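A.B. asks: okay, here's the prediction I keep looking at, along with the sequence it came from:
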Amino acid sequence: MGANNSREDLELSDSDAESESQDQETEEEEEEYYEDAKSPSSSGHKGSKTPSSLDEVEEKLKALKLKYPSHDASPKNAVKLYLYVGANTPKSKWIVSDKLTSYSFIKTSQIDTSDDENEEEEENSWWVLKVGSKVRVIVDAQMQLKSFGDQKRVDFVSSGVWAMKFFSEEDYKDFVGKYQDCLFENTYGFESNDDNKVKVYGKDFIGWAKPEVADDSMWEDADDGLLKSPNSATPVRASQDLREEFEEAANGGAIQSLALGALDNSFLVGDSGIQVVKNFSHGIHGKGVYVNFDKGRQSLVHSAPRKALLMRAETNMLLMSPVTDGKPHTRGLHHLDIETGKIVTEWKFEKDGTDITMRDITNDNKGAQMDPSGSTFLGLDDNRLCRWDMRDKHGMVQNLSDASTPVLNWTQGHQFSRGTNFQCFATTGDGSIVVGSLDGKIRLYSSSSMRQAKTAFPGLGSPITHVDVTFDGRWILGTTDTYLILICTVFADKDGKTKTGFAGRMGNRIAAPRLLKLTPLDSHRAGVNNKFHGAQFSWVTEDGKQERHLVATVGKFSVIWNFQQVKDGSHECYRNQVGLKSCYCYKIVLKDDSIVDSRFMHEKFAVSESPEAPLVVATPLKVSSFSISSRR
């Protein structure tokens, strides 16, 4: 585990010295040939040979130029190309791959071919970046391109990690501008111009299209609106580090998901049962209690539960399994009584007498799982958003012993006629709902209505695979495969009152989002499964308290950002950046296996020496707890 990559600096001194030495050698040899041609007496020198004519001198000079290319006649779009070698070994370093080459942006429908002599713009074609003969990559978010304005340099991923260094600031800015135009067109299918940006983002979101003109004051206003309590801000300390407290092997099959409790226990949901673990201020410890799934219920054991939802003061759990492998939708749930270790029933999703499916479920609000009388929860499908009730239509608890397959009661919601392509959702402390979609849009619904979104944020081109929201509803964290998007929902209404986008339409004073990314080096190190998943805030359930950290999983990495640092507009990550501000300052927990989930425990488990509750990291066979502490 550790902080963000420390090997980003190009080792320019050795490479430049080598280049200068070779240039000097070229000049000395050229001077020698000129002297030989000019001086007849030079024929007497040992080992020298006087050319017989000026033609011979010219031929020798041409040969030298082929061996040592001149840096004076630079090609168009000239760059110096570096390659990172050694991967995770102690000998990893940057090497010069090409001292002088050039780049070009090519529009082609042949992404994987190197023959670009007759490239033509065709329907369904893409912009590709080509650098000399060594790099050819489609321009998209998977490049993980990171710019260094002060170094006139960009890094990116393309079957390895590359860096291009430009010979002037003008060349650097020209490349960044072309790259952004190509990225926009590849993402949205429109040429990058002002009219098309308004078409994609909408006139109220011009700050998303042109971050340089965005009103960043909303980020500061969101903090100013918080109650001024001593615990509302995250200390930013250079000495912060992660300290592992506990690691334990899981019992009874591979871990599929975590269900963290805010009370006494948390739960590891596996292939064939649930392991109960005890919550402590320094992490979670096993109690040796294991609840086996009832093998007689074949519909449950056919597919391992993908999600577990705690309810009724964390004494009950709803288990959600996909209908078939590879598809997230399900036609019902299994209801587990944790205290008895028995599956009480199988609930069925039904509306107007017709079976329907759900893609995801979540609690009514951030603290609902601690309510001992809770009987409702929210459901989401591709084009549905609703509330389910385990009581009958008259408000009575259903007699489960008399019902072969009890039907959940649809109490509130809406079926959308057009393809909203909902993917994920989450709730605030007051029950407002945020929904992420396949097209990248993020919609905000008030706690009282699921029919029409109060605010709809445009997509940035990548599907939202997971979404979370702070307890107060002021911040939203969306997960995509290649980056996280952090959105501020705060705005001032026409009367000057501060509200969130859940309570009203935000108008045109909408702040540009911030992106959270891995450096190209870390993205490459994360391996073939280097997709973000499950990003969320640390866990608070009390008004006036602010979440302190953000955590996401990427392959074998758990990646942690300091929330206050990300919000700080003067943070060093944002200097010299072009486009949406991207934060690369994070800490990494590295495990030996791919990580299933990474979550912070409830704030009540924070200890006095630590500004944060422990982080729990689960791999298929182990679960670990970490404290964020000032001690090394």
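C.D. replies: Received the coordinates, thanks. Residues are numbered from 1 along each chain as shown.

A.B. asks: drop to CA atoms for contacts and neighbour counts, all remaining ones
C.D. replies: OK.

A.B. asks: could you pull out the helices for the chain?
C.D. replies: If you assign secondary structure with DSSP state H, the helices in the chain sit at 12-38, 54-67, 169-188, 194-201, 206-209, 217-224, 298-301, 520-525, 563-567.

A.B. asks: which non-adjacent residue is nearest the residue positioned nearest the centre of the chain?
C.D. replies: Centroid-nearest residue in the chain: Y483, 2.9 Å away (criterion: Cα atoms, centre = their mean). Spatial nearest neighbour of Y483, chain neighbours left out: K517 (5.0 Å); criterion: Cα to Cα, 6 or more residues apart in numbering.

A.B. asks: report how many residues lie close to that neighbour.
C.D. replies: Taking other Cα atoms under 10 Å as the criterion, the count of residues near K517 is 22.

A.B. asks: I'd say it and L486 touch.
C.D. replies: No. Under the criterion of Cα atoms under 8 Å, K517 is not in contact with L486, lying 11.1 Å apart.

A.B. asks: quick check: end-to-end length of stretch 550-558?
C.D. replies: 10 Å (Cα to Cα, to the nearest Å).

A.B. asks: repeat for stretch 125-135
C.D. replies: End-to-end distance of stretch 125-135: 18 Å, with Cα to Cα as the criterion.

A.B. asks: which parts of it are buried?
C.D. replies: Applying a neighbour-count criterion of 16 or more other Cα atoms under 10 Å, the buried positions in stretch 125-135 are S125, W126, W127, V128, L129, K130, V131, G132, V135.

A.B. asks: distance of Y586 from V551?
C.D. replies: Distance from Y586 to V551, by Cα to Cα: 9 Å.

A.B. asks: actually R384, sorry about that
C.D. replies: Taken as Cα to Cα, the spacing of R384 relative to V551 amounts to 28 Å.

A.B. asks: and what of A259?
C.D. replies: As judged by Cα to Cα, A259 and V551 stand 16 Å apart.

A.B. asks: quick check, L385 in contact with H414.
C.D. replies: Yes. In this structure, L385 is within contact of H414 by Cα under 8 Å, at 5.7 Å.

A.B. asks: the more surrounded of those two?
C.D. replies: The neighbour count for L385 versus H414, taken as other Cα under 10 Å, is higher for L385 (23 against 15).

A.B. asks: run a quick neighbour tally on the spatially closest residue to T500 that is not a sequence neighbour.
C.D. replies: Spatial nearest neighbour of T500, excluding adjacent residues (Cα to Cα, 6+ apart): V490 at 4.5 Å. With neighbours defined by other Cα under 10 Å, the count for V490 comes to 26.

A.B. asks: and V490, what does it touch?
C.D. replies: Under the criterion of Cα atoms under 8 Å, 6 or more residues apart in numbering, the neighbours of V490 are M218, W219, D221, A222, R474, T498, K499, T500, G501, I510.

A.B. asks: which of the residues you listed lies closest to V623?
C.D. replies: Each of the contacts of V490 was checked against V623 using Cα to Cα; the closest is R474, at 31.4 Å.

A.B. asks: how much space separates the closest one from P322?
C.D. replies: 32 Å.

A.B. asks: ditto for S192
C.D. replies: According to Cα to Cα, S192 and P322 sit 40 Å apart.

A.B. asks: neighbour count for these two, which is higher?
C.D. replies: Set side by side, S192 and P322 show more neighbours around P322, with 23 against 17, by other Cα under 10 Å.

A.B. asks: quick revisit: can I get the buried residues of stretch 125-135 in TSV with distance to S147?
C.D. replies: Rendered in TSV, the data for those read as follows (distance: Cα to Cα, whole Å):
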residue	distance to S147
S125	26
W126	22
W127	19
V128	18
L129	15
K130	17
V131	16
G132	20
V135	18
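
A.B. asks: please dump those residues into JSON lines; it should also carry pLDDT for every row.
C.D. replies: Shown next, in JSON lines, are these (pLDDT from 0 to 100):
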{"residue": "S125", "pLDDT": "88"}
{"residue": "W126", "pLDDT": "92"}
{"residue": "W127", "pLDDT": "96"}
{"residue": "V128", "pLDDT": "97"}
{"residue": "L129", "pLDDT": "97"}
{"residue": "K130", "pLDDT": "97"}
{"residue": "V131", "pLDDT": "97"}
{"residue": "G132", "pLDDT": "95"}
{"residue": "V135", "pLDDT": "96"}
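
A.B. asks: no further questions, thank you.
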